[in-house]
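> Dropping a prediction and its sequence here:
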Amino acid sequence: VFTDPILPCGQILAEHLSLPSVFFLQQIPCGLDFEATQCPNPPSYVPRVFTEHTDHMNFLQRVKNLVFDIPNYFLCDFVFQPYAKLASEFLQRDVTVPDLLRQASIWLMKLDFVLNYPRPVMPNMIMVSGVNCAHKK
């Protein structure tokens, strides 16, 4: 199943039909892609969105980076809770959204380390940045 994991309905269907899934995405809000793929993402070293920090931060910038990361935990639970409930009812077992995302076979990531900070990637994550850009002659 070729799907975008921001709305996990495709992954719920793939799990129900016992089919492999391929994700095509740039990033999932709240860092669920880091959690699902088990990539390290410490807030003291990886700059967060809207902080305008680089990868070279002093102590106060690292603290600010951590403070910007705290609301993500609550926001993710609030946003993805209906999908976790839907998946649990449909699959007839207790399941969370990160559990669903962990079942992906391949992650096609629209990231480029020229524009984004380098980050560790797992073997099933393939960088395909620019795949949807128009080619000029």
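It's in. Numbers count the residues shown, from 1 in each chain.

> Could you pull up the residues touching Gly130?
Contact partners of Gly130, counting by C-beta atoms under 8 Å, 6 or more residues apart in numbering, are Asp112. C-beta here means a position set from N, CA and C on the backbone, and glycine is covered the same way.

> you'd agree it is in a strand?
No - assigned with DSSP: H, G, I helix; E, B strand; the rest coil, Gly130 falls outside any strand and is coil.

> where's it relative to Asn124, distance?
20 Å (C-beta to C-beta, to the nearest Å).

> Val49 too?
Distance, Val49 to Asn124, using C-beta to C-beta: 24 Å.

> ditto for Leu32
16 Å.

> Show me which of the two is the more surrounded one.
The residue with more neighbours, out of Leu32 and Asn124, is Leu32; 21 against 13, by other C-beta atoms under 10 Å.

> Low-confidence bits of the protein, can you list those?
Counting by pLDDT under 70, the ranges of the chain that qualify are 131-132.

> Centre-most residue in it?
For the chain, the residue nearest the mean C-alpha position is Asp33 (2.2 Å; C-alpha atoms, centre = their mean).

> Looks like that one contacts Gln27 (just checking).
Yes - using C-beta atoms under 8 Å, Asp33 makes contact with Gln27 at a distance of 6.3 Å.
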